[in-house]
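Peer 1: Build the 3D model from these lines:
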Amino acid sequence: MSDAASLVSMLMIGLLGAGHCLGMCGGISAALGMAVDGKRKLAVLLGYNLGRIFSYSLAGLLVGLLGYWGAEYLAAGPLLRITAATLLVLMGLYVADWWRLLTWLERAGALLWRRVQPLASRFLPVTTVSNALLAGMIWGWLPCGLVYSALAYAATAEEPLQGAAMMLSFGLGTAPAVLMGGVFSEALRRQLQRRSLKRLMGVALIMFGAWVFWGVLQHAGHLQPDHAHHHHSNYQPGN
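Peer 2: Next comes the predicted model:
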């Protein structure tokens, strides 16, 4: 997959997870929005989102590094892609409210979050942009199945910086819902929690997962003939 295609895919995953994003971060965003008013409200919300997206990008760099190492030295590339495809499908089922299996992953992440949350709470209520930025950087590690699914996808990047860029793109995709959640929290939440919209977004995420899995199958199909051809070409009659 090209770099551009992976970035667009991650942007779409972020946008499609809007309802989930609002559920996870909308309350924080709304609290930030209520703490300040006027022009400063938008600046604080932007600062929070920039901090959150920075943390996503850093996490993307880390998983990209691990994924690169695994693909180079453990031949784990196909396994990483299958994991990403599976998590995207499970996330789609979660968003659509058909099967909430992915909550176990969020519960596992909550064990680490309990240690981090007291630090994040020190910045509340947020009244300055610098505090909002720092709060966003910490709250960016909030346990979230959508973020974990995106990170699994970022781990398939061909190099660590691409993993960071993919998570940056994902973060930008989640930004509209979280930003608007701070301004139009209740009205927006009602719209994004409509069953028909949640199912539509869930189906789209499932299709993304199926597309990634199909890519794995195609890649495996391309490798097998080359491999066979390689052995055939080395064969010498009479040996």
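
Peer 1: Alpha carbons only: can I get the helix or strand encompassing residue 169 in CSV?
Peer 2: Using DSSP states H and E, residue 169 sits in helix 160-181. Provided in CSV are the C-alpha atoms of helix 160-181 (Å, rounded to 0.1, in the frame of the first residue of the first chain):
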residue,chain,number,x,y,z
PRO,A,160,8.7,4.1,11.9
LEU,A,161,8.1,7.7,10.5
GLN,A,162,5.3,6.4,8.3
GLY,A,163,3.7,4.9,11.5
ALA,A,164,3.9,8.3,13.1
ALA,A,165,2.4,10.0,10.0
MET,A,166,-0.4,7.4,10.0
MET,A,167,-1.4,8.1,13.6
LEU,A,168,-1.1,11.9,12.9
SER,A,169,-3.6,11.4,10.0
PHE,A,170,-5.8,9.3,12.3
GLY,A,171,-5.7,12.0,15.0
LEU,A,172,-6.7,14.6,12.5
GLY,A,173,-9.7,12.4,11.5
THR,A,174,-10.9,12.2,15.1
ALA,A,175,-10.4,16.0,15.7
PRO,A,176,-13.7,17.3,14.2
ALA,A,177,-15.8,15.2,16.5
VAL,A,178,-13.8,16.0,19.6
LEU,A,179,-13.5,19.7,18.8
MET,A,180,-17.2,20.0,18.1
GLY,A,181,-18.0,18.0,21.1
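
Peer 1: other SSEs contacting it?
Peer 2: helix 3-16, helix 18-35, helix 39-73, helix 145-154, helix 185-192 (3 or more Cβ pairs under 8 Å, 6 or more residues apart in numbering; DSSP states H and E). Where you see a C-beta, it was placed from the backbone N, CA and C, and this is true even at glycine.

Peer 1: Any regions of this structure where pLDDT drops low?
Peer 2: Along the chain, segments meeting pLDDT under 70 span 1-2, 23-27, 29-30, 33-36, 38, 181-189, 191-193, 222-239.
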